[in-house]
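Asks: Build the 3D model from these lines:
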Amino acid sequence: MKVKAAVKVDIERVELREFDLPATGPDSGLLRVESSGVGGSEPEYYRKPNSAPCIMGHEIVGTVTDLGEAAAKRWGLRPGDRVALEEYLPCWHCHWCRQGDFRLCMEADFFNVKDQFNTLRYGTCNAEIPPHLWGGFGQYVYLAPNAVLHKIPRTIDARHATLAIPMGNGVQWAVLDGGAGLGKSVVVYGPGQQGLGCALAAKVAGAGLVIIAGQTRDQARLDLALELGADVAVNVDEQSLKDVVMAHTGGRGIDVVVDTTGDPTGEIAAEAIELAAKGAYLNLNGLKQQVPIGEIKKRYLTVRAPRGHSYRSIEIALQIIGSGQWPIDKLCSHDFGLDAVHEAVLATAGRGIQGAIHVTVNPWA
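Replies: Below you'll find the predicted structure:
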């Protein structure tokens, strides 16, 4: 049986190809993809040289069609079950894996592997590595023995479930790592997939004040943020974020700051310290950001950087998505077929089709 997949063949160039549907052994399986989200990192990877051929797509939801006996026992699944698939393919036996923190496993951690393109990871690895089906922008995905799966109910919309990873990042960055909780005040930089996930996760965790910041080009997302947990949405092209924060906190400052933008300038890191209350938690993104130790000491701050998601955060995210308490469908703005993966990735980057929030690919459309 032949199956189709959209393969990145060059910088910002994709073509449809056919692959043999692989046989499964006792410890592996096959997933029929229902929907695959276009992640916030996908446009950047699409622009990367030396990363083709590749079947992109790492926010994968589907139905298990084939399952070996050992795999069924290990995952607690059977054919016909629906799952959300994490991108990690970890070792499963190290200190971090035993805690469900697969993001930090040395076999899955992109900051430690020598060759990211030839390291097995859903959505970013070399499609020439057998059995080839390593990405969500295809009709089937191979379930490797070390895959990380989350069983989902039959009633949940597949497009909604593709938000498990960006929403899981929000849970991880704002709550589990960031410390957002009962009565806390929170600032989130960036109203993208992860930023909206952070705002919603913080509110679900009990935060008393959630402020989300974006630019004029983000206005539609800022407006949506007010329906997804944010109490205040700030357009920084028109308002001073610091003035808004101090007005809402009586001059005390913010308890939790999360940067989801990956700011390369370091400006957000500097401003985050100015916004912070004593004892605040700062979760700052971007490899080039720097923070002054003296200011951290004076303000008694805790600083860390967002690094993916844990198993627990994805489980919590799926509970939030499936609760029916939030307008999740408004996040799912556009859906494309395999023949329009190029347009789907560009839309996520704000190019071509405008107004994209979370874009999905339906490989059967």
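Asks: Let me know whether residue 241 touches residue 213 as I believe.
Replies: Yes: the pair residue 241 / residue 213 is scored as a contact, 5.2 Å apart, by CB atoms under 8 Å. All C-beta spots, glycine's among them, are computed from the backbone N, C-alpha and C.
Asks: Of the two, give the one with the bigger neighbour count.
Replies: residue 213 (29 against 21; other CB atoms under 10 Å).
Asks: is it true that that one touches residue 190?
Replies: Yes: when contacts are counted by CB under 8 Å, residue 213 is listed as touching residue 190 (7.4 Å).
Asks: Need the contact partners of stretch 347-361.
Replies: 6, 35-40, 42-43, 57, 136-137, 159, 162-163, 166, 193, 196, 217, 220-221, 224, 330-338, 341, 343-346 (CB atoms under 8 Å, 6 or more residues apart in numbering).
Asks: Quick one, which of those are buried?
Replies: 6, 35-40, 42-43, 57, 136-137, 159, 162-163, 166, 193, 196, 221, 224, 331-334, 336, 338, 341, 343-346 (16 or more other CB atoms under 10 Å).
Asks: in stretch 277-286, what's buried?
Replies: 277, 280, 281, 282, 283, 284, 285, 286.
Asks: And the fifth one, how far from residue 174?
Replies: With distances defined as CB to CB, to the nearest Å, the gap from residue 283 to residue 174 amounts to 7 Å.
Asks: residues shared between the contacts of those two?
Replies: Here residue 283 and residue 174 share the contacting residues 256, 258, scored by CB under 8 Å, 6+ apart.
Asks: sec struct for the closest residue to residue 257 other than its chain neighbours, please.
Replies: Closest residue to residue 257 apart from its sequence neighbours, by CB to CB, 6 or more residues apart in numbering: residue 272 at 4.4 Å. With DSSP: H, G, I helix; E, B strand; the rest coil as the basis, residue 272 sits in helix.
Asks: for residue 272, what are its contacts?
Replies: Counting by CB under 8 Å, 6+ apart, residue 272 makes contact with 187, 189, 257, 259, 282, 284.
Asks: OK, contacts around the residue nearest to the second one when sequence neighbours are not counted?
Replies: With CB to CB, 6+ apart as the criterion, residue 189 has its nearest non-adjacent residue at 4.4 Å, and that residue is residue 259. Taking CB under 8 Å, 6+ apart as the criterion, residue 259 is in contact with 189, 190, 268, 269, 272, 283, 284, 285, 286, 289, 306.
Asks: who touches the fourth one in this structure?
Replies: Remark: with contacts taken as CB under 8 Å, 6+ apart, residue 269 is in contact with 259, 263, 282, 284, 286, 289, 290, 291.
Asks: for the stretch 201-350 of the chain, what spans make up the strands?
Replies: 209-214, 232-235, 254-259, 276-283, 302-304, 332-337 (DSSP state E, counting those that start in this stretch).
Asks: Among these, which comes closest to residue 21?
Replies: Proximity to residue 21 (CB to CB) singles out strand 332-337 among the strands of the stretch 201-350 of the chain, at 19.5 Å.
Asks: Could I get the average pLDDT for that closest one?
Replies: Strand 332-337 shows a mean pLDDT of 97.
Asks: what about the helices in this structure?
Replies: Taking DSSP state H as the test, the helices found in the chain are 42-47, 69-75, 158-161, 164-170, 193-204, 219-225, 241-249, 267-275, 293-299, 311-322, 341-348.
Asks: any idea how far residue 299 is from the residue nearest to residue 257?
Replies: Residue 272 is 11 Å from residue 299, where distance means CB to CB.
Asks: Next: residue 28.
Replies: Residue 28 sits at a distance of 50 Å from residue 299 (criterion: CB to CB).
Asks: and the two? which has more neighbours close in?
Replies: residue 28 (20 against 16).
Asks: and the more buried one, what pLDDT?
Replies: We have a pLDDT of 98 for residue 28.
Asks: now swap in residue 286 and tell me
Replies: 78.
Asks: pretty sure it is touching residue 267, no?
Replies: No: Residue 286 is beyond contact range of residue 267, at 10.0 Å (criterion: CB under 8 Å).
Asks: count of residues packed around residue 54?
Replies: A count of neighbours around residue 54, defined by other CB under 10 Å, yields 23.
Asks: start to end distance for stretch 271-284?
Replies: End-to-end distance for stretch 271-284: 11 Å, by CA to CA, to the nearest Å.
Asks: Now for residue 226: which residues touch it?
Replies: residue 233.
Asks: Swap in 10 Å and give it another go.
Replies: Contact analysis of residue 226 by CB atoms under 10 Å, 6 or more residues apart in numbering lists 199, 210, 212, 232, 233.
Asks: just residue 147 next, same as before
Replies: Here residue 147 is in contact with 28-29, 31, 71, 74-75, 83, 85-90, 92, 120, 122, 141 (criterion: CB under 10 Å, 6+ apart).
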